[in-house]
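1. please work out how this folds:
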Amino acid sequence: MSATTIQAVFARQVFDSRGRPTVEAEVSLTGGVCGRASAPSGASRGAAEAFELRDGDPDRFEGRGVTRAVAGVNDEVATLLTGRDALDQRGIDQAMRDLDGTTKLSRLGGNAILAVSIALVRAGATALGQSLFRRLADLAGVSRPTLPMPMVNVLSGGLHAGRGMDVQDFLVVPVGARSYGEALEWALRVRASAAALCQDAGLPTLLADEGGLSPGFADGAEALTLMVRAFERAGLRPGEDAAIGLDIAASSLTDPDGRYAFRRAGRTLDSQAMIEVLADWTARFPVVSIEDGLGEEDWTQWPELTGRLGHIQLIGDDLFATQADRIARGVREGAGNAALIKINQNGTLSGTLDALAAARAGGFATIISARSGETEDPFIADLAVGVAGGQIKIGSVRTSERMAKYNQLLRLEEEGLPFASQDFIRR
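-> Take a look at the predicted model:
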C-alpha cells in the first residue's frame, strides 16, 4: 500500500450560489492527504449533458435535494474506489462510469461522480507535492500552462435573469490587455461603468445569477449600445482595448416549431433570420465572440452561421455539451469554430480532457466555463491554466463564488506563467 492509495471516499450535501443543494466529495489517501471538491449546476442546460441526480421530494428544497447522489458516493463509489491508486485518474473515472452503467451518468448522477473525480485529482496533486494546475497539465499532456483571457459577464438576461432580456449574457473581452491582471482590472472598470450608466438612466442594478446586471432592455441592440458606452466611460477603446462576447443561449429560446422566440422584443425568428440578426449586430458593434447563436439540434443551419460569421469566434455550448463525439461532429460539419468546456456537462475530469483534445484536434478554440449555480471551489481556474485553455468564462466580477476563481488566477499569475492575450480567440 502506497501513500497514494485511496483510504476513504465521502460525500455530503452542501449549497451553491443560488442556495440550492449540490454534492461535495472528499477523497482521503493513506499518506494522510485529502482532496475536496464540489459540483456546479447550470440553469441553461444542454440535452446531451451529464445527468444531475436530485431527490425529487417537493417538501425538501423544491425537489432539488441531492441526498440520493450523496448516498451513492458513500456506498457504491466508496466501495469501488477504496484501495485503488489515486494517481490512476483515467482508470478510476472510467470505473465510475462503468459502475453507473448509463450513457449520461443518470443512475448515480453526474453531479456525484464529478465531485469525486475532481476531489481525486486534488488529492493526487497534493500527494505528489504538485500544484493543482501542474498536475492537470500533466494529465492533459500540456507542456506550457497559460493564463487565460477572461470573458466577463456584464449584462444578463435569459434563464440567468428571469428572462428580463432575451439574450442570456453580454460579456466584456479585454482583447487589448497585456496581462491577466490588466484584463481583470479593465473588466472591473467596465462592470462598474455599466452599473453607473444603468443607475444614471434609472434602470435596475439588481444582480442576476452570475452577478451581471439585468437592465431589462427589450432589444439586444440597446444592451450592445450600453456595453460600448461602458467601455468608453471606463477609458477603453471599443474594439481595440475591449470587445463584446454574446451568449445567445438559443436553445432556451426555441419554440415547439423550432423557431426562436424573442419574447421581450415581440418577434419570432427562423434560423436564417436569426443569422441575419447576429450578422447585423456583429457589423454594428465590436462583437468578437458569439456563443450558442443557434439551437443545440439546429445542425443543418450551424454551418451556414459559421460560413457567414466565421471571422469571429462561434462557440458551441449546448451544441457540444463538452462531449468529444459532438465536438468531433461539429468539426466535420463546420458547425462553429470553438467549444465551451464545462466539467459538469461531461461528468468526469478525464472525459472533459477528451473533449478538449477533440476541440484542439479540429483547430477549435476552447473556453473553460463556470455555471450559473457555482460554489466557492476555484477548480476551473487551475483547469484553465493547466490545460492552456486560452479563455475562461466565470461570470461577473461580483459575488464570492466568482471572485474565488478570479483571485486564484491572480495567485497563479505570480508563477510567471504566460498570458494567452487575444491570440487564443478565433478571429
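2. tell me which element residue 363 is part of?
-> If you go by DSSP states H and E, residue 363 is not part of any helix or strand.
3. wait, residue 150
-> In this structure, residue 150 is located in strand 149-156 according to DSSP H and E.
4. how about that strand as PDB, C-alpha atoms only?
-> The C-alpha trace of strand 149-156 is given here as PDB (Å, rounded to 0.1, in the frame of the first residue of the first chain):
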ATOM      1  CA  MET A 149      -8.200  35.600 -21.300                       C
ATOM      2  CA  PRO A 150     -11.200  36.300 -19.100                       C
ATOM      3  CA  MET A 151     -14.700  36.800 -20.800                       C
ATOM      4  CA  VAL A 152     -16.600  38.700 -18.100                       C
ATOM      5  CA  ASN A 153     -20.300  38.900 -17.700                       C
ATOM      6  CA  VAL A 154     -21.600  42.500 -17.600                       C
ATOM      7  CA  LEU A 155     -25.300  42.300 -18.600                       C
ATOM      8  CA  SER A 156     -27.600  39.300 -18.100                       C
END
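5. and that strand, which residues are buried?
-> 149-156 (16 or more other C-beta atoms under 10 Å). For every residue, glycine as well, the C-beta is placed using N, CA and C.
6. which two of those residues have the greatest separation?
-> 149 and 156 (20.2 Å; C-beta to C-beta).
7. related to what we said a few turns ago, could you dump the buried residues of strand 149-156 to TSV with pLDDT?
-> What follows is the buried residues of strand 149-156, written out as TSV (pLDDT from 0 to 100):
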residue	pLDDT
149	97
150	98
151	97
152	97
153	96
154	96
155	95
156	90
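8. so which of the residues you listed comes closest to residue 351?
-> residue 151 (23.2 Å).
9. quick check: next helix or strand after the strand holding residue 150?
-> Using DSSP H and E, the helix or strand that directly follows strand 149-156 along the chain is strand 169-173.
10. angle of that next one against strand 149-156?
-> 140 degrees (axes from the mean of the first three to the mean of the last three C-alpha atoms, to 10 degrees).
11. distance of residue 248 from residue 273?
-> Per C-beta to C-beta, to the nearest Å, residue 248 is found 13 Å from residue 273.
12. assign a three-state SS to the residue nearest to residue 360 when sequence neighbours are not counted, would you?
-> Taking C-beta to C-beta, 6 or more residues apart in numbering as the measure, residue 360 lies nearest to residue 366, with 7.1 Å between them; neighbours along the chain are not counted. Taken by DSSP: H, G, I helix; E, B strand; the rest coil, the conformation at residue 366 corresponds to strand.
13. report pLDDT for residue 194.
-> Looking at residue 194, its pLDDT stands at 97.
14. show me what the helix or strand it falls within is packed against.
-> Using DSSP H and E, the element containing residue 194 is helix 180-200. Contact here means 3 or more C-beta pairs under 8 Å, 6 or more residues apart in numbering; DSSP states H and E; on that basis helix 180-200 packs against strand 149-156, strand 169-173, helix 220-233, helix 400-413.
15. how far away is the residue lying closest to residue 319 once chain neighbours are set aside from residue 87?
-> Residue nearest to residue 319 in three dimensions, not counting chain neighbours: residue 296, with 5.1 Å by C-beta to C-beta, 6+ apart. Distance, residue 296 to residue 87, using C-beta to C-beta: 36 Å.
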